[in-house]
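**Q** prediction below, plus the sequence it came from.
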Amino acid sequence: MKPEDLERLVSTVMPFGKHQGTVIADLPGNYLNWFAREGFPKGEIGRLLALMHEIDHNGLSDLLTPLRLPR
C-alpha cells in the first residue's frame with residue numbers, strides 16, 4: 001500500500017454494480033465482505049476494494065476522515 005492509495009479510497013467512485021457512483025470509502029461493509037468472499041475484481045478497483053475491506057474489517061475507517069474533500 002502507498003499513502004496515495006488512501007487518498008484514492010476517498011476520491012474514486014465505484015464504476016459498476018449495486019453501489020455504482022458511491023465513493024469506495026463509503027461502500028457498506030457487507031458489500032465489501034461480499035467481494036472478499038466471492039473475489040475482488042482484477043485491476044486497480046479490485047486492489048482498492050481489497051484495501052477498503054481490510055480498513056473496514058479492522059475498524060480503521062476513521063483514518064480516512066482527514067483525507068475527505070470538504071463538501
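**A** Done, it's in.
**Q** from now on I want contacts and neighbour counts done on CA atoms only, so please keep to that.
**A** OK.
**Q** and the end-to-end length of stretch 10-18?
**A** Taking C-alpha to C-alpha, to the nearest Å as the measure, stretch 10-18 stretches 18 Å from start to finish.
**Q** can you give the contact residues for that stretch?
**A** Stretch 10-18 has contacts (C-alpha atoms under 8 Å, 6 or more residues apart in numbering) with 20-26, 45, 64, 67-69.
**Q** give me the number of residues near Val10?
**A** 20 (other C-alpha atoms under 10 Å).
**Q** report pLDDT for it.
**A** Looking at Val10, its pLDDT reads 95.
**Q** how much space separates it from Gly17?
**A** 18 Å.
**Q** again, but for Leu51
**A** 18 Å.
**Q** for Leu32, same thing?
**A** Taking C-alpha to C-alpha, one finds Leu32 at 12 Å from Gly17.
**Q** who's more crowded, the two?
**A** Leu32 (21 against 7).
**Q** what's near enough to touch the more buried one?
**A** Contacts of Leu32 (C-alpha under 8 Å, 6+ apart): 49-50, 52-53.
**Q** mind listing the helices for the chain?
**A** Assigned helices in the chain, in chain order: 3-9, 29-38, 43-57 (criterion: DSSP state H).
**Q** confidence-wise, which of those helices is weakest overall?
**A** Of all the helices of the chain, mean pLDDT reaches its minimum on helix 3-9 (a mean of 92).
**Q** residues of that one that come out buried?
**A** 6-9 (16 or more other C-alpha atoms under 10 Å).
**Q** can you list those residues in CSV and add distance to Pro41?
**A** Shown next, in CSV, are these (distance: C-alpha to C-alpha, whole Å):
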residue, distance to Pro41
Leu6, 19
Glu7, 20
Arg8, 17
Leu9, 16
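**Q** all good on my end, thank you.
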